[in-house]
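1. structure here, sequence nowhere to be found:
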């Protein structure tokens, strides 16, 4: 495996599938609505025919709380982007964008410039599947990067990235698949790109306790935690996308601090369950809480 921060599209398809499953729930019972997700999902018609509840039930049989974990991550980032875009952020960089659809499904200011960064083959497939009449499409710039030969900073600036504008960066569901060196160098480049004005950064990371103490990565009473942790990592490896990097909270916070970022939030599904799922009648019990991945928000300030 090389050190590219971006992967092929197997993971992107899997996440799109979960967004589709959530989208077909009744309007008052769903967390998100992504009308574009089905474009990337093999067997989308069958999934829609089966319905939301059956699909979630099947997912629960494999890993309780997995679907809710991914949807809480999605909504957490949605809220973060909408809030900060409304309060003055002028650029949004989606690192390893995959089949992300936030540029088109969220209510974002037309002044927000969006850069989607990924491998060319993933972006080509994404663009070929999306409809032509996308909202906000004029504000999206696709940036391809080959990390073995190209610099993220140079590719972004060549694409029109403005180093004087406050920027949001997101790295969602990627850090476990790539080396720590790749993540570190990406954060360093982000910090250098935005040293004049500062930036906001979201990163999700897998707790290193997944191997050391699997039960700590799930809610109290979670069934067969160690077995399910192994199943998840083994399945990822079998499809060619093994998990290679795990972090402690101290390690990730130190890495960010070294690059001028201070942590503002660090949560999991356990923290978001009452906020997101209780109001729609879908709060999970402790024994279905899937919290092996953390959602962290950090902010840097201008270089003085």
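-> Ah, there it is. The structure presented is a predicted model; accordingly, all values stated were derived computationally and were not measured.

2. from now on I want contacts and neighbour counts done on CA atoms only, so please keep to that.
-> OK.

3. helix/strand/coil for the closest residue to residue 136 other than its chain neighbours?
-> Leaving out its chain neighbours, the residue that sits closest to residue 136 by C-alpha to C-alpha, 6 or more residues apart in numbering is residue 104, at 5.8 Å. Look at residue 104: counting by DSSP: H, G, I helix; E, B strand; the rest coil, its state is helix.

4. list the contacts of residue 104.
-> 134, 135, 136, 137 (C-alpha atoms under 8 Å, 6 or more residues apart in numbering).

5. format the residues you listed as a markdown table; extra columns: neighbour count, distance to residue 123 and secondary structure.
-> Putting the contacts of residue 104 into a markdown table (neighbours: other C-alpha atoms under 10 Å; distance: C-alpha to C-alpha, whole Å; DSSP: H, G, I helix; E, B strand; the rest coil) gives the following:
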| residue | neighbour count | distance to residue 123 | secondary structure |
| --- | --- | --- | --- |
| 134 | 12 | 15 | coil |
| 135 | 14 | 18 | coil |
| 136 | 19 | 17 | coil |
| 137 | 13 | 14 | helix |
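
6. quick one, phi/psi of residue 115?
-> Per-residue torsions, residue 115: phi -110, psi 120 (degrees, to the nearest 10).

7. buried set for stretch 47-59?
-> 47, 48, 51, 52, 55, 56, 59 (16 or more other C-alpha atoms under 10 Å).

8. near residue 124, how many other residues are there?
-> 11 (other C-alpha atoms under 10 Å).

9. what distance do you get for it to residue 102?
-> For residue 124, the distance to residue 102 (C-alpha to C-alpha, to the nearest Å) stands at 18 Å.

10. what's the answer for residue 18, then?
-> Residue 18 is 15 Å from residue 102, by C-alpha to C-alpha.

11. who has more neighbours, the two?
-> residue 18 (22 against 19).

12. wait, is the more buried one part of a helix?
-> Yes: Residue 18 forms part of a helix when assessed by three-state DSSP.

13. can you count the residues close to the closest residue to it other than its chain neighbours?
-> Leaving aside its sequence neighbours, residue 18 sits nearest to residue 67 (C-alpha to C-alpha, 6+ apart; 6.4 Å). Using other C-alpha under 10 Å as the criterion, residue 67 is surrounded by 21 other residues.

14. could you pull out the helices for the stretch 201-304 of the chain?
-> 209-212, 225-238, 249-258, 269-272 (DSSP state H, counting those that start in this stretch).
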